[in-house]
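*Asks:* sequence and predicted structure, then a few things I'm wondering about:
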Amino acid sequence: MNLRLVALPALAVAAGAGCTQQQVNQAQNALASAAPGVVNAIASAAPKLAGDAIIVAHVESDFLQIDPASALHVAVAAHGGAVTLSGKVRSAAIEERFVGAAKSVDGVKNVTARLAVDGSLPSAGRQMSDFALAAAVRANLTAQGGLNGVQVDVKASQGTVTLGGRVATRAIRDTLVAAAKKTAGVKTVVDALVVGT
């Protein structure tokens with residue numbers, strides 16, 4: 001990569017901004033002397049960053065094959081081959097399988113697990129159904145309430161939708177609650193909206 005080609009437009013702007021030729025030359029020399037260091041730093045960091053991203057993708061893929069419901073609740077981070085798992089899993093056996101799967105991925109040096117067992121985690125199918133219902137409600141809120149609907153927090157669980165956040169007036173709240181109730185698949189609406197600013 002020729003950094004001079006990248007820097008030339010900036011130098012032209014400097015020249016047009018009333019900088020002296022000497023100032024433009026000094027800026028050009030500073031760029032030329034700094035460029036190899038910048039390029040080397042980027043080049044040396046890129047494989048490490050790419051390696052960590054590949055590790056995360058591989059670990060997440062393995063988790064989805066083991067238990068999709070738990071995989072949706074586990075965050076995977078990698079830094080220099082050190083993998084950290086955090087979140088919730090449905091059982092201790094799944095936690096053990098997740099840790100084992102992470103350790104088996106090429107490039108992983110160690111695994112730190114910060115996982116809590118929660119047997120009440122919903123299935124992946126139910127999570128997707130709840131997500132789809134929440135998205136449909138958000139769309140209706142936005143259609144009926146405009147920007148007021150965008151600012152509302154929507155949570156769905158097995159047909160029960162909870163609306164949270166602040167709205168300016170009761171009329172806006174009533175409009176948003178009515179829009180949520182009209183959404184296909186909604187059985188109950190829990191109004192946790194706060195009126196006022």
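*Replies:* Okay, I see it.
*Asks:* give the helix, strand or coil label for the residue nearest the centre of the chain.
*Replies:* Note on the chain: the residue nearest the mean C-alpha position is residue 75, at 10.2 Å, using C-alpha atoms, centre = their mean. Three-state assignment for residue 75 (DSSP: H, G, I helix; E, B strand; the rest coil): strand.
*Asks:* buried ones in stretch 106-122?
*Replies:* Neighbour-count burial for stretch 106-122, counted by 16 or more other C-beta atoms under 10 Å, picks out 108, 111, 113, 115, 121, 122. Backbone N, C-alpha and C define where each C-beta goes, glycine included.
*Asks:* could you dump these to CSV with pLDDT?
*Replies:* Output for these, formatted as CSV (pLDDT from 0 to 100):
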residue, pLDDT
108, 94
111, 97
113, 96
115, 96
121, 87
122, 85
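*Asks:* re the thing from before, look up how far residue 180 lies from the residue nearest to the centre of the chain.
*Replies:* As judged by C-beta to C-beta, to the nearest Å, residue 75 and residue 180 stand 29 Å apart.
*Asks:* re the thing from before, so what's the residue nearest to the centre of the chain up against?
*Replies:* 85, 86, 87 (C-beta atoms under 8 Å, 6 or more residues apart in numbering).
*Asks:* neighbours of the second one, how many?
*Replies:* Pointing back at residue 86 there. Applying other C-beta atoms under 10 Å, we find 14 residues neighbouring residue 86.
*Asks:* packing partners of the helix or strand where it lies?
*Replies:* Residue 86 is located in strand 82-89, with elements delineated by DSSP states H and E. Secondary structure elements in contact with strand 82-89, counted by 3 or more C-beta pairs under 8 Å, 6 or more residues apart in numbering; DSSP states H and E, are helix 21-66, strand 74-79, helix 92-103, strand 110-117.
*Asks:* which of the ones you listed comes out lowest on mean pLDDT?
*Replies:* Of all the helices and strands packed on strand 82-89, mean pLDDT reaches its minimum on helix 21-66 (a mean of 67).
*Asks:* hmm, who's touching the helix or strand following that helix?
*Replies:* Sequence order places helix 68-71 as the next helix or strand after helix 21-66, per DSSP H and E. The contact list for helix 68-71 (C-beta under 8 Å, 6+ apart) reads 60, 63-64, 88-90, 94, 98, 121-124, 127.
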